[in-house]
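Novice: A predicted structure for the sequence below; I have some questions about it.
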Amino acid sequence: MKFLILITLFTQMAWAKNRSYTSEGKSFSFEHILERDDVIWGFDFLPNGNIIFTERNGAMLVLDMKTKKASAITGVPAVNAVGQGGLLDVRVHPDFAKNGLIFFTFSLPLGKGEATTALGRGVLKDNKLTDVKTLFSAHKPNDNDIHYGSRIIFDGDGHVIFSVGDRDKRDRAQDTAYHQGKMIRLNEDGSVPKDNPFVGKKDAKPEIWSVGHRSPQGLVMRPGTKEIWEAEMGPRGGDEVNVIQAGKNYGWPLVTYGREYYGPKIGVQEKAGFEAPVAHWVPSISPSALTFYTGDKFPAWKGNAFLATLSGEHIHRLVIDGLRVIKEEKLMDKEGIRFRNVRTGPDGYLYYSTDEGKIGVLK
């Protein structure tokens with residue numbers, strides 16, 4: 001009996017590793033290159049091709065792509081690893097080879113059970129993070145353990161932009177006296193750019209770039225443009241992809257395609273003065289990351305957007321013409337995986353991480 005069980009498990013593992021899919025007439029398979037015990041929330045590629053990644057429990061590690069071994073990074077600040085809180089996104093600065101800078105978001109513990117979304121920065125060398133600074137912490141902290149956000153991008157003009165969730169205080173997403181439910185734009189040293197849209201406005205937080213977001217966990221700049229694309233989760237339905245513009249209002253909770261989890265409507269679906277999404281989903285697919293494919297291994301995917309989905313348990317491909325989605329496709333939808341992040345690798349393949357603690361690659 002034990003022998004049969006072992007044979008069955010071996011067959012299932014081999015089959016899962018080699019299962020193939022087809023997209024645009026081209027077959028691809030997937031392979032898990034790392035397996036851990038916690039949610040792998042964020043990852044990015046270092047100049048040498050190795051992967052730096054975060055676990056929600058507060059660990060930051062580097063995966064050696066030659067040995068496939070992960071090594072811990074020291075010097076990471078403490079996080080509030082409760083519920084959806086923990087160590088979130090991590091990004092390698094575009095000039096890392098010169099400055100060694102790593103940016104990351106996390107749930108900052110502030111005592112009495114309270115925490116808030118924060119942006120940190122440090123210098124990485126020899127698996128040590130030094131000169132660590134908290135550049136930003138969102139006002140106002142609370143004791144909820146959901147909707148922290150948060151993804152990070154660099155806009156190429158010396159700014160860092162990142163998302164902050166509504167922390168289940170939905171009315172704050174419309175109130176510029178709070179950072180919750182907003183996109184935040186800072187200079188890379190943490191100071192406020194003078195051209196931010198709410199600078200100088202009474203009672204408004206000057207760090208705010210856009211308003212009206214619920215649980216934004218996807219953020220990317222469209223290659224070859226200055227367009228900022230964002231994905232966020234609605235409640236019961238109402239997941240969205242938006243193109244973010246300075247000072248604009250994206251509706252939550254006044255304008256949404258989602259409903260309360262117990263059924264009733266929350267707001268209206270459309271309203272003058274609020275930005276309509278490029279795409280939305282009812283029922284929910286729970287998008288957790290967004291990227292554009294820039295590799296050369298899948299020519300038919302060039303310029304397509306890809307969403308990592310949680311409840312949807314697949315990677316969602318969007319074919320885009322201008323600002324319109326003209327085709328959608330589900331990839332890897334037979335695996336029962338909660339996809340947390342997705343990103344094009346320097347080798348031209350598409351990489352992902354999962355809530356099950358895996359980093360994998362589509363080939």
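Specialist: That came in fine, so what should we check first?
Novice: leaving out the residues flanking it, which one is nearest to residue 118?
Specialist: residue 108 (3.8 Å; C-beta to C-beta, 6 or more residues apart in numbering). Glycine gets a C-beta too; all of them are placed from N, C-alpha and C.
Novice: what sits against the one you found?
Specialist: Residues in contact with residue 108, defined by C-beta atoms under 8 Å, 6 or more residues apart in numbering, are 77, 79, 80, 115, 116, 117, 118, 134, 137, 141.
Novice: burial count for the fourth one?
Specialist: Spelled out, that is residue 115. When counting by other C-beta atoms under 10 Å, one arrives at 28 neighbours for residue 115.
Novice: that one against residue 86, yeah?
Specialist: No: look at residue 115 against residue 86 with C-beta atoms under 8 Å: they stay out of range, at 9.9 Å.
Novice: overlap in contacts, the two.
Specialist: Taking C-beta under 8 Å, 6+ apart as the criterion, residue 115 and residue 86 both touch 80, 107.
Novice: tell me where this protein is predicted with low confidence.
Specialist: For the chain, the stretches with pLDDT under 70 are 1-18.
Novice: try it again at 50.
Specialist: Regions of the chain meeting the criterion pLDDT under 50 cover residues 1-16.
Novice: re earlier: quick one: the residue nearest to residue 118 from residue 161, how far?
Specialist: Distance check for residue 108 against residue 161: by C-beta to C-beta, to the nearest Å, it reads 19 Å.
Novice: kindly report the same for residue 208.
Specialist: Using C-beta to C-beta, residue 208 is found at 11 Å from residue 161.
Novice: between the two, which one's more packed in?
Specialist: Between residue 208 and residue 161, counting by other C-beta under 10 Å, residue 208 is the more crowded of the two (25 against 20).
Novice: from what I see, that one and residue 182 are in contact.
Specialist: Yes: Residue 208 is within contact range of residue 182, at 4.9 Å (criterion: C-beta under 8 Å).
Novice: find residues that contact each of the two.
Specialist: The contact lists of residue 208 and residue 182 share residue 176, where a contact means C-beta under 8 Å, 6+ apart.
Novice: and the end-to-end length of stretch 193-212?
Specialist: Length of stretch 193-212, first residue to last, C-alpha to C-alpha, to the nearest Å: 21 Å.
Novice: report the buried residues of it.
Specialist: In terms of neighbour count (16 or more other C-beta atoms under 10 Å), stretch 193-212 has its buried residues at 193, 196-198, 204-212.
Novice: can you list contacts of it?
Specialist: Outside stretch 193-212, the residues within contact range by C-beta under 8 Å, 6+ apart are 136, 139, 159, 161, 173-174, 176-179, 181-187, 192, 244-252, 254-255, 274-275.
Novice: are any of those residues buried, and which?
Specialist: Buried, going by 16+ other C-beta under 10 Å: 136, 159, 161, 173-174, 176, 178-179, 181-186, 192, 244, 248-252, 254-255, 274-275, out of the contacts of stretch 193-212.
Novice: narrow these to those in strands?
Specialist: Cross-referencing the buried ones among the contacts of stretch 193-212 against strands under DSSP state E gives 136, 159, 161, 182, 183, 184, 185, 186, 244.
Novice: so the fifth one makes contact with residue 218?
Specialist: No: contact between residue 183 and residue 218 fails when scored by C-beta under 8 Å: they sit 11.8 Å apart.
Novice: please enumerate the shared neighbours of the two.
Specialist: Listed contacts common to residue 183 and residue 218 are residue 230; contacts here mean C-beta under 8 Å, 6+ apart.
Novice: which residue ranges form the strands in the stretch 151-300 of the chain?
Specialist: Secondary structure of the stretch 151-300 of the chain (DSSP state E, counting those that start in this stretch): strands located at 152-154, 159-164, 182-187, 208-211, 215-221, 228-233, 239-244, 279-281, 287-292.
Novice: between those strands, which one is closest to residue 30.
Specialist: strand 287-292 (16.1 Å; C-beta to C-beta).
Novice: now do that closest one: which elements does it pack against?
Specialist: In terms of contacts (3 or more C-beta pairs under 8 Å, 6 or more residues apart in numbering; DSSP states H and E), strand 287-292 is packed against strand 215-221, strand 228-233, strand 239-244, strand 305-309, strand 339-344.
Novice: which strand or helix spans the nearest residue to residue 150 once chain neighbours are set aside?
Specialist: The spatially closest residue to residue 150, leaving aside those adjacent along the chain, is residue 105, at 4.0 Å (C-beta to C-beta, 6+ apart). Residue 105 belongs to strand 101-109 when assigned by DSSP states H and E.
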